[in-house]
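# Here you go, sequence then predicted model.
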Amino acid sequence: MPREGGIVAVCFVAMASPCELLLETADAQAAHEMGRVAAQEAWRIESKYSRYRPESIVSVINRSHGHAVVVDGETAALLDYAAQCHALSQGRFDITSGVLRRCWRFDGSDRLPEPTAVAALLPLIGFEKVRWQAPRITLPTGMEIDLGGIGKEYAVDRVLALVAARFTAAALVNFGGDLAANRAPGTGPWQVGVERPGTEREPRLLLELSRGGLATSGDTHRFLLRDGVRYGHILDPRSGWPVRDTPRSVTVAAASCVEAGILATFAMLQGGGAESFLEEQGVRHWCLR
Amino acid sequence: MQLKRPASPLHLSLMAASCALLSDTARAQAAPGAAEQPLQIDADLLYYKENAGRVQTIEPVVSLKKDFGDQRLLDGTLTLDTLSGATPNGAIPARTAQTFASPSSTSLTPKPGYKTTLYTIAPGDLPQDPHFKESRVAGDLDWSQPIGLDNTLSYGGHASTEHDFDSVAAHAGLSHDFNEKNTTLSAGINEEFDRIHAHGGNPVPGSDYALYEKEPSQTKNITGGLIGVAQVLRRNWLTELNYTFDHSKGYLTDPYRIISVVDDTGAVTGYRYENRPDTRTRQSLYWVNKVALGPTVLDLSYRRSKDSWGIGSDTVDAKLRIDLGTGMYLEPHARWYHQSAADFYNLYLIETGPAPTYMSADPRLAVFAATTFGLKFGIATSHNGELSLRLEQYAQKPSDQSSSLPGLQGLDLNPNLKAIIVQLGWHLVY
């Protein structure tokens, strides 16, 4: 039986994305209170891990000039996770690959970087060069880390856990297309319209989600086109060059948003092999080429 | 949409990693908005002891470093030290017993209204004042903050006090990062002001010891500057070159040092208080390299200094930090130092020669070579604490130790110095 009052949506902006919290409740006051809790948690994670914020722990680590930085438990858990993903992807997933932005600018033009410029950055890439043993991280001078590849999905799961611990209603958290739900409302599964970045001309993907996470990794508009070859913005940190033949969009459903997000990212890093990779993993997925 | 298949081993690993991430942090429940503002505490206890019952020091140092975020750092250090033991007064050993007054005496001979404390040195022994005891309290406070994206401003002050010496100093520096933070240029200036008020008064420099002439307190000031460049040469190699300059002006004489006067047979006929020029200009070039060889870090430096008194010195210093894993490290240390003598340094004066304006028998102004060998061991005591123990041996060997004058033959006029250093350190990050 659906509860009286239906679904209340609370919206805010965090991590440069429109964010919403959907709650099945008739208590608008409580829903707004939960929205405030959700927004504060999202903003907390953003200010703690954004590489654009000089006071963030990521910026502190990036400015450490080869000195060890002692991190708190939450950051340690994220770094442990990044280390495991780096190992499980044989180096394809790497939080130190952001320095490649210095030579790759995906502005739709045909301006490819000089191969020597790309090669010159490779010594600054590779999580294996980072000394990480909780709680101490030592980043060699010149290297940088970026938790952007896992931060948003992590925030989605954290916000859902926080709201679910305070409020018994069915809840869905949606941060710009990365989402997670604790259970289906009384009326049946959540109906989710997934925007697929880079594929605005395609119809939105309409999905049903009862519980768990859903995440999308996309090629967006960010690419370079030269001699008929499209260079997408997914870069292989081992070569410094774009992964060939990536799908335009990969959406994965899994137990949590973090898990869905990493599977979608891993699939993108497989390029032409994205679909067969996802088949092997035995997860629900939607690829668009 | 596909048929559901069993999860692959990779998927199971990712599932486990994701669960660990979310459950870990669910437990951690970081307080919303609680930014990391670490406080670093260092506490050290240093013990220094020279051979032959000479000076020993016990020096506790506590330093606190607070990060106010955005690279704004406050650094404060408090040092206490106590020196005690016998200190050479500058005179050479003699064939006969020698008698001196401790500096706190106001007269060489007992007189009503004056204080006289005498000590006698056996024939052949190095004259040392046995009553030496000094305590010092020193504090430093430094602030540094970024200015814009690529500049760092730092400034601070220092003050110290002891019974016969007070010092205040201030410094300011600016550094600029460029070339994607691979190059840093720094410049700094400092100014120090000191007041010297020796026990029993400051002796008149160069005066006859027998006259025991004392003056009121004296001052000196030191103005200095630094320019430097640090460059990341490779990912694991940082090199830094610094040039420093300082100019001292005022009372640069050591109020407790005397120099023996001998006749042409080598018999001691008297003593004079030492006298140093009232200006000194010093320049040095310092080159340091830090190289990471895997988890092992090599720190190798060379310093060349030169001053207007004629002292030129070279220092080579090497440290190798070897990571033993599980939070332990070993750090062997070796240092070699050599200096030439000050132009006015002499073991003694000969009374028949013309009296020089400037004179000193301070062994620190002589030609000597010194070596230090040490080993430091560190161990992590918790996720944010570390204990360390450093043991070092210092050996100083002057090259000018004997005389050909008949009365001084066979005497060790400037003995070797040996010292041990033990330092216990505790480091904690909150």
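Perfect, thanks for sending it.
# all contacts plus neighbour counts: C-alpha atoms, from now on.
Noted.
# the strands in the stretch 301-430 of chain B, which residues?
When assigned using DSSP state E, counting those that start in this stretch, the strands of the stretch 301-430 of chain B occupy the ranges B:312-325, B:328-339, B:349-350, B:368-382, B:385-398, B:417-429.
# so the second one versus strand B:312-325, what angle?
With axes from the mean of the first three to the mean of the last three Cα atoms, to 10 degrees as the criterion, the two stretches strand B:328-339 and strand B:312-325 enclose an angle of 170 degrees.
# near chain A at all, strand B:328-339?
No - applying Cα under 8 Å from any Cα of the partner chain, one finds strand B:328-339 separated from chain A by no less than 12.9 Å.
# Remind me what that strand packs against, helices and strands.
Applying 3 or more Cα pairs under 8 Å, 6 or more residues apart in numbering or on different chains; DSSP states H and E, we find strand B:328-339 packed against strand B:312-325, strand B:368-382.
# Can you show me the CA trace of that strand as CSV?
C-alpha atoms of strand B:328-339 as CSV (Å, rounded to 0.1, in the frame of the first residue of the first chain):
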residue,chain,number,x,y,z
MET,B,328,61.0,1.3,11.8
TYR,B,329,64.0,3.0,10.2
LEU,B,330,67.7,3.3,10.7
GLU,B,331,69.6,6.4,9.9
PRO,B,332,73.4,6.3,9.8
HIS,B,333,75.1,9.8,9.8
ALA,B,334,78.6,10.9,8.9
ARG,B,335,80.0,14.4,8.9
TRP,B,336,83.5,15.8,8.1
TYR,B,337,84.5,19.3,8.9
HIS,B,338,87.7,21.2,8.4
GLN,B,339,88.6,24.9,9.1
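# Adjacent strands (with direction) for that strand?
strand B:312-325 (antiparallel), strand B:368-382 (antiparallel) (DSSP bridges).
# From the rest of the structure, what touches the shortest one?
Among residues not part of strand B:312-325, those counted as contacts by Cα atoms under 8 Å, 6 or more residues apart in numbering or on different chains are B:295-306, B:329-341.
# residues contacting residue B:284?
Going by Cα under 8 Å, 6+ apart, residue B:284 touches B:243, B:244, B:245, B:303, B:304, B:305, B:306.
# who does the second one bridge with?
Beta-bridge partners recorded for residue B:244 (DSSP bridges): residue B:226, residue B:284.
# pretty sure it is touching residue B:190, no?
No - in this structure, residue B:244 is not within contact of residue B:190 by Cα atoms under 8 Å, at 10.7 Å.
# before we move on, the earlier item: quick check: ChimeraX command selecting the buried ones in the contacts of strand B:312-325.
Buried subset of those, written as a ChimeraX selection, criterion 16 or more other Cα atoms under 10 Å in any protein chain shown:
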select /B:297,298,299,300,301,302,303,304,305,306,329,330,331,332,333,334,335,336,337,338,339,340,341
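# thinking again about what came up before, can the helices and strands packed on strand B:328-339 go into CSV with extra columns for mean pLDDT and mean neighbour count?
Listed next are the helices and strands packed on strand B:328-339 as CSV, based on pLDDT from 0 to 100; neighbours: other Cα atoms under 10 Å in any protein chain shown:
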stretch, mean pLDDT, mean neighbour count
strand B:312-325, 92, 17
strand B:368-382, 92, 17
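# Can you add distance to residue A:130 and give these back as a markdown table?
Shown next, in a markdown table, are those (distance: least, Cα to Cα, whole Å):
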| stretch | distance to residue A:130 |
| --- | --- |
| strand B:312-325 | 15 |
| strand B:368-382 | 19 |
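# What is the burial count for the residue in the stretch 151-289 of chain A that chain B sits nearest to?
Closest contact between the stretch 151-289 of chain A and chain B, by Cα to the nearest Cα, is at residue A:282 (4.3 Å). A count of nearby residues for residue A:282, using other Cα atoms under 10 Å in any protein chain shown, gives 16.
# Could you double-check that it sits in contact with residue B:10?
No - if you go by Cα under 8 Å, residue A:282 and residue B:10 don't touch, sitting 10.4 Å apart.
# what are the ranges of the strands in the stretch 101-250 of chain A?
Using DSSP E, counting those that start in this stretch, strands in the stretch 101-250 of chain A cover A:131-133, A:136-138, A:171-175, A:178-181, A:190-194, A:205-209, A:212-218, A:223-226, A:229-232, A:235-236, A:241-242, A:249-254.
# nearest to residue A:43, of these?
For residue A:43, the closest of these is strand A:171-175, at 12.0 Å, according to Cα to Cα.
# Sheet partners, orientation included, of the closest one?
Sheet pairing of strand A:171-175 (DSSP bridges) gives strand A:17-24 (antiparallel), strand A:178-181 (antiparallel).
# From residue B:429, how far off is the residue of the stretch 51-200 of chain A found nearest chain B?
Across the stretch 51-200 of chain A, the shortest distance to chain B (Cα to the nearest Cα) belongs to residue A:55, at 4.7 Å. Between residue A:55 and residue B:429 the computed distance is 18 Å (Cα to Cα, to the nearest Å).
# Those two - which one has more neighbours?
residue A:55 (20 against 17).
# what about the more buried one, which helix or strand?
Assigned by DSSP states H and E, residue A:55 falls within no helix or strand.
# Phi first, then psi, for it.
Per-residue torsions, residue A:55: phi -90, psi 0 (degrees, to the nearest 10).
# just residue B:22 next, same as before
Per-residue torsions, residue B:22: phi -70, psi -30 (degrees, to the nearest 10).
# Could you double-check that it sits in contact with residue A:156?
No - proximity of residue B:22 to residue A:156 does not meet the contact threshold set by Cα under 8 Å, at 10.7 Å.
# Looking at these two, which one has more neighbours?
Between residue B:22 and residue A:156, counting by other Cα under 10 Å, residue A:156 is the more crowded of the two (28 against 22).
# List the contacts of the more buried one.
A:42, A:173, A:174, A:175, A:178, A:179, A:180, A:257 are the contacts of residue A:156 under Cα under 8 Å, 6+ apart.
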